[in-house]
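*Asks:* Got a predicted model here, sequence first, then my questions.
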Amino acid sequence: MLSALNLNNTQRGTIAALCGFLSFAIADACAKWLGAFYDISQVIFWTYYISLVFGLCLSPFLGGIKKTINTKKLHIHIGRGICAFGISFFIVSALKGTNSLPLATLYTILFLAPFLITIAAIFVYKESVPHKNWFIIALGFLGILLAFRFGLTDFSINVLYALIALMFIVLLSLLARPLDHNESILSLSFYPNIVILSLLSVYMLPDIKLPQMQHMPVFLLNGICVTIGLSAIAYGFRIAPFAVVAPIHYIQMVLALAIGYLIFDDIPDIWMICGGAIIIISGILLIFSKEKPAKRNF
């Protein structure tokens, strides 16, 4: 769909990543809500089971099963699956329990990812970063600092969980670039789903319980959002520069603030409102940033 529009690779990749990050914001909220009723493993298992089924239903539009299975980069897909498992496990852990992190605090930590991804891409992929993109990245990060009053005051095991999830997010993003146009869009969610379900099945097989019917709509929304997030973000990273796509992560905070207010009674103050405005401005600047015509296939 995006390829049919008159957009360059940077713009297509940015829009795809925006959809993906916003989907993950919704998924995180679903996980936080479900964590009050289910064990971590149950939340992750049923989320990724639904994600797998949803992806398979759309497989004719995402490259097909045959192309997905005939991959030549299985090791990369398995690596992404392990990273996705780590992200899910530690984010749900951070959001679960009596001392669970508020969504706002969680994102304070996770939004270090754009800086880390951009810096890592310089060393791993020899990617150059234009000065204007460093400015936009810094602007978005300033919005985060302003929104959350320039840092965290308390350190707990839940904060450690969030930091570990951050490391897995960086690795997952870096592993998207080797998955070129020969890999189907379906593969970007299919293999992480398979890896996660395989790992959890070994642990849960004797005691896999069905979710309660009244909770199924939230599980369904969570699984759908995870599929969109895994596919859209990876698509964005594989066709556009890391320095442009990574800071789109900041816009996820705006939706997180809205969800926190509407569902979890987290009331944003003037600091968060001003920080959110700066983040939106940085996202708009990235969407309309220019690049020389890229030679990547997609």
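*Replies:* All right, it came through fine. Numbering: from 1, shown residues only.
*Asks:* Look up which helix or strand D28 falls in, please.
*Replies:* For D28, the host element (DSSP states H and E) is helix 9-34.
*Asks:* after that helix comes which helix or strand?
*Replies:* Per DSSP H and E, helix 9-34 leads on to helix 40-57 as the next helix or strand towards the C-terminus.
*Asks:* Could I have the CA atoms of that next one written out in CSV?
*Replies:* Only the C-alpha atoms of helix 40-57 are listed here, as CSV (Å, rounded to 0.1, in the frame of the first residue of the first chain):
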residue,chain,number,x,y,z
ILE,A,40,3.3,-13.4,32.8
SER,A,41,3.7,-16.6,30.8
GLN,A,42,-0.1,-16.8,30.1
VAL,A,43,-0.3,-13.2,28.9
ILE,A,44,2.7,-13.7,26.5
PHE,A,45,1.6,-17.1,25.3
TRP,A,46,-1.9,-16.2,24.2
THR,A,47,-0.9,-12.8,22.8
TYR,A,48,1.6,-14.4,20.5
TYR,A,49,-0.7,-17.3,19.6
ILE,A,50,-3.3,-14.8,18.5
SER,A,51,-0.6,-12.8,16.7
LEU,A,52,0.5,-16.0,14.8
VAL,A,53,-3.1,-16.8,13.8
PHE,A,54,-3.8,-13.2,12.7
GLY,A,55,-0.6,-13.2,10.6
LEU,A,56,-1.5,-16.5,8.9
CYS,A,57,-4.9,-15.2,8.1
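*Asks:* In three-state terms, label the residue nearest to T47 when sequence neighbours are not counted for me.
*Replies:* Leaving aside its chain neighbours, T47 sits nearest to N222 (4.7 Å; criterion: Cβ to Cβ, 6 or more residues apart in numbering). In this view, the C-beta of every residue, glycine as well, is placed from N, C-alpha and C. Following DSSP: H, G, I helix; E, B strand; the rest coil, we place N222 in the helix state.
*Asks:* Contact partners for N222?
*Replies:* When contacts are counted by Cβ atoms under 8 Å, 6 or more residues apart in numbering, N222 is found next to 26-27, 30-31, 34, 43, 47, 50.
*Asks:* again, 6 Å this time
*Replies:* Residues in contact with N222 (Cβ atoms under 6 Å, 6 or more residues apart in numbering) are 27, 30, 47.
*Asks:* With F85 instead?
*Replies:* Contacts of F85 by Cβ under 6 Å, 6+ apart are 196, 199.
*Asks:* Return the distance of the helix or strand where it lies from the chain's centre.
*Replies:* Counting by DSSP H and E, the element that carries F85 is helix 74-95. Once both centres are worked out by Cα atoms, centre = their mean, to the nearest Å, helix 74-95 turns out to sit 11 Å from its chain's centre.
*Asks:* buried stuff in it?
*Replies:* 76-95 (16 or more other Cβ atoms under 10 Å).
*Asks:* try stretch 134-146
*Replies:* Those would be 136-137, 139-146, for stretch 134-146 by 16+ other Cβ under 10 Å.
*Asks:* and for it, what are the contacting residues?
*Replies:* 111, 114, 247, 250, 274-275, 278-279, 282, 285-286.
*Asks:* How about the contacts made by the closest residue to P130 other than its chain neighbours?
*Replies:* Leaving aside its chain neighbours, P130 sits nearest to A243 (7.2 Å; criterion: Cβ to Cβ, 6+ apart). Contact analysis of A243 by Cβ under 6 Å, 6+ apart lists 118, 129, 133.
*Asks:* Make a PyMOL selection of the buried ones in those.
*Replies:* To isolate the buried members of those in PyMOL, using 16+ other Cβ under 10 Å:
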select buried, resi 118+129+133
